[in-house]
Structures are given as C-alpha cells and as structure tokens.
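Enquirer: I would like to see how this sequence folds:
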Amino acid sequence: MSYRKRVDAQQAHILSLRLALGLMTLLSLALAYGWWKAPQELTIHVPPDLRSGSTRKWWEVPPESVYSFALYIFQQMNRWPKDGEVDYQDNIHRLDAYLTPACKAYLQKDYELRRNAGELRKRERGVFEIPGRGIGDAGEQRTLVHSINDWTVNLDMAADEHYGGERVKRALARYPLHIVRADVDPEQNPFGLQWDCYGGNPQRIEIELDTAVTGGRP
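Expert: Okay, the predicted model is just below:
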C-alpha cells in the first residue's frame with residue numbers, strides 16, 4: 001500500500017512539472033513574439049543645444065527639430081544649380097518621401113505653370129535664411145505648435161535667381177511652411193516628418209539685406 005502511494009505521489013509530481021513546463025513554454029513563446037514585433041529602430045528627436053540638458057518623451061518632436069527639417073527641405077527644393085526646368089522637377093521626385101501627396105501635387109502644378117511661363121529654363125536658384133531672422137533670433141517664435149502632429153514654421157528667406165551668370169531676381173519673403181508628422185517610411189524618411197506645403201500665403205519682407213547681414217553696423 002505504501003508503495004502504491006509513493007507511485008501516485010511521483011506521478012502527481014511529474015504531472016505538475018509537465019504543467020509548469022507547458023506554462024513556461026507558452027510564456028517564452030509570448031515573450032519571443034513580443035520581442036519579434038518590437039520596433040527595431042526608434043527615432044528620438046534631440047534639440048540641437050544640449051548645454052543645459054534635455055528630457056523628452058520619445059514621441060514628442062521639439063520645435064527646434066521641426067524648424068531644422070523645414071529649413072532643410074525648403075532649401076533643397078529651391079536649389080537649382082544648373083537649370084530650373086530640370087532641377088525643380090528632379091527635386092520633386094528626389095524629395096518625394098518628405099512631401100505629403102497634396103504638397104507633391106501642388107509643387108508639380110507650380111512647376112508646370114512656371115515652365116509654361118518660361119520662368120525656369122536656364123535659371124539657377126538658391127535660397128538662404130536671412131541673417132538675424134532664424135530660430136532664436138529677434139525674440140520671435142518661428143515654430144507654431146498646433147498639436148503633437150502638426151506645426152507651422154515661419155521661414156524668413158532670401159531667394160536669388162541667376163540667368164547666364166547674372167542675377168536677375170532677389171526676393172525676400174516669409175514662408176509659412178506646414179509640417180506634419182508622418183512615420184510612414186523610416187527607411188526613406190528618417191525624420192518622421194513631411195512638408196505639407198504652406199499654411200498661408202508668403203509675405204514679402206522689406207529690408208536691406210546688406211543691413212541684415214551686418215546687423216546695422218557700417
């Protein structure tokens with residue numbers, strides 16, 4: 001009788017070990033699945049000035065990062081080193097991942113209107129930030145936060161156009177760029193942001209650029 005009890009106890013112990021092993025297996029599979037589904041890369045936006053330290057939630061995009069993105073994309077789109085008729089179209093295709101579909105359609109239409117009006121052929125163009133009117137300058141807020149997903153960036157830019165080696169146009173204007181969050185293709189767009197064209201009409205700026213460069217000094 002005592003032998004029978006020992007056999008029953010041993011079988012019960014073996015059964016409990018099997019149940020524990022099964023639970024551990026299920027738990028391991030669940031952890032492995034969670035690990036496999038976890039993102040392999042995570043974009044963290046860090047503000048450019050870290051002298052005072054920075055604490056950020058990973059999903060928040062600092063206004064400084066939004067401004068830097070807007071300035072970079074706008075300059076790239078408006079850089080025509082040889083021929084605007086070719087370069088402008090190439091820029092639209094090259095920067096496709098950084099544009100919303102609506103903005104891409106708007107820029108394509110703008111390209112066609114300018115080309116048909118003869119404003120692009122053999123034109124060279126470049127834009128640059130007006131000195132003293134960048135982020136943190138003049139005490140102005142350049143990035144307006146509408147939500148955690150969209151912003152308006154006011155860029156004060158000078159645009160120079162040349163034809164045949166001669167400057168034929170210089171325009172100073174404030175461009176209100178609408179920027180939106182778009183974590184859709186980290187491989188093609190590591191910023192996780194897209195340019196949604198303009199939040200309003202550009203406004204002409206009336207200043208002497210040489211004065212802006214020197215800060216009013218003779």
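
Enquirer: From here on, just use CA atoms for contacts and neighbour counts.
Expert: OK.

Enquirer: List the buried residues of the helix or strand where F69 lies.
Expert: Element membership of F69, judged by DSSP states H and E, is helix 63-77. By neighbour count on 16 or more other CA atoms under 10 Å, the buried set for helix 63-77 is 63-67, 69-71, 73-77.

Enquirer: Could you dump the residues you listed into a markdown table with distance to F191 added?
Expert: Formatted as a markdown table, the buried residues of helix 63-77 follow (distance: CA to CA, whole Å):
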| residue | distance to F191 |
| --- | --- |
| P63 | 13 |
| E64 | 13 |
| S65 | 9 |
| V66 | 9 |
| Y67 | 12 |
| F69 | 8 |
| A70 | 11 |
| L71 | 13 |
| I73 | 11 |
| F74 | 14 |
| Q75 | 16 |
| Q76 | 15 |
| M77 | 16 |
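
Enquirer: just checking, what's the longest strand in the protein?
Expert: Looking across the chain with DSSP state E, the single longest strand is strand 166-181.

Enquirer: Given it, what are its sheet partners and their directions?
Expert: Strand 166-181 sits in its sheet next to strand 150-163 (antiparallel), strand 193-198 (antiparallel), strand 203-204 (antiparallel), going by DSSP bridges.

Enquirer: from the buried residues of helix 63-77, which is closest to R121?
Expert: Nearest to R121 among the buried residues of helix 63-77, counting by CA to CA, is M77 at 16.3 Å.

Enquirer: who does the longest helix anywhere in the chain touch, helix- and strand-wise?
Expert: In the chain, assigned by DSSP state H, the helix with the most residues is helix 2-37. The contact analysis (3 or more CA pairs under 8 Å, 6 or more residues apart in numbering; DSSP states H and E) places helix 2-37 against no helix or strand.

Enquirer: any idea how far it is from the chain center?
Expert: 50 Å (CA atoms, centre = their mean, to the nearest Å).

Enquirer: ok, now stretch 194-201?
Expert: Taking CA atoms, centre = their mean, one finds stretch 194-201 lying 13 Å from the centre of the chain it belongs to.

Enquirer: hey, C-alpha coordinates of it in PDB?
Expert: Provided in PDB are the C-alpha atoms of stretch 194-201 (Å, rounded to 0.1, in the frame of the first residue of the first chain):
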ATOM      1  CA  GLN A 194       6.700  65.700 -44.100                       C
ATOM      2  CA  TRP A 195       6.200  69.100 -45.700                       C
ATOM      3  CA  ASP A 196       2.500  69.800 -46.300                       C
ATOM      4  CA  CYS A 197       3.300  73.000 -48.400                       C
ATOM      5  CA  TYR A 198       2.100  76.300 -47.000                       C
ATOM      6  CA  GLY A 199      -0.200  77.300 -44.100                       C
ATOM      7  CA  GLY A 200      -0.800  80.700 -45.700                       C
ATOM      8  CA  ASN A 201       0.500  83.000 -48.400                       C
END
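
Enquirer: which residues touch that stretch?
Expert: Outside stretch 194-201, the residues that touch it by CA atoms under 8 Å, 6 or more residues apart in numbering are 70, 73, 97-100, 102-103, 106, 152, 175-182.
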